[in-house]
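Visitor: whatever this is, show me its structure:
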Amino acid sequence: MRILAIDYGSRRIGIAVSDSLGMIAQAVTVIHRSDDLDQDLSKLAEIIQQYESVEEIVVGLPKTMSGEIGISAQKVLEFVEILKAKFTQKITTWDERLTTAGVEKVLIEAGLSRQKRKKVIDKSAATYMLQGYLDSKRS
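Guide: Residues are numbered from 1 along each chain as shown. From the prediction side, this is the model:
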């Protein structure tokens with residue numbers, strides 16, 4: 001059983017997937033958002049088809065530091081409703097507060113340039129978020 005994670009952003013959608021045992025998260029790709037949501041969803045559907053046994057989709061929910069649902073989180077919740085209408089997999093949200101910031105700090109410490117970080121930050125954030133979700137399921 002695989003779980004696919006989505007880090008949904010205004011410009012990019014980071015994608016990660018678990019191994020078939022649902023224990024280890026791995027980065028997959030970044031979908032560069034277009035003006036056509038259907039086109040973005042088609043790309044996502046292609047990725048899901050590549051990983052035939054995806055049973056669940058986890059979408060990062062960027063709550064505010066106080067745990068509130070802000071503007072960004074509201075946009076993600078609207079996206080989640082669209083996913084529920086389009087896909088048959090179980091759709092779950094996962095608190096992703098500080099995920100991108102934490103990943104960016106690690107990438108800076110690793111010496112990646114701004115340009116290189118920009119290419120991997122979203123799929124790395126999706127991977128980090130998914131690993132947290134997988135770890136929580138094992139506890």
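Visitor: please enumerate the strands of the chain.
Guide: Secondary structure of the chain (DSSP state E): strands at 2-8, 12-18, 25-32, 54-61, 90-95.
Visitor: from Arg117, how far out is the residue of the chain most remote from its centre?
Guide: For the chain, the largest distance from the centre (Cα atoms, centre = their mean) belongs to Gly111, which lies 23.7 Å off. In this view, Gly111 and Arg117 are 10 Å apart by Cβ to Cβ, to the nearest Å. C-beta coordinates here come from the backbone N, C-alpha and C atoms, glycine included.
Visitor: quickly list what the spatially closest residue to Glu96 that is not a sequence neighbour is bridged to.
Guide: Closest residue to Glu96 apart from its sequence neighbours, by Cβ to Cβ, 6 or more residues apart in numbering: Gly60 at 3.4 Å. Applying DSSP bridges to Gly60 yields these beta-bridge partners: Trp94.
Visitor: next, count neighbours for Gly60.
Guide: Gly60 is flanked by 27 other residues according to other Cβ atoms under 10 Å.
Visitor: so who does it touch?
Guide: 5-8, 76, 93-96, 99, 125-126, 129 (Cβ atoms under 8 Å, 6 or more residues apart in numbering).
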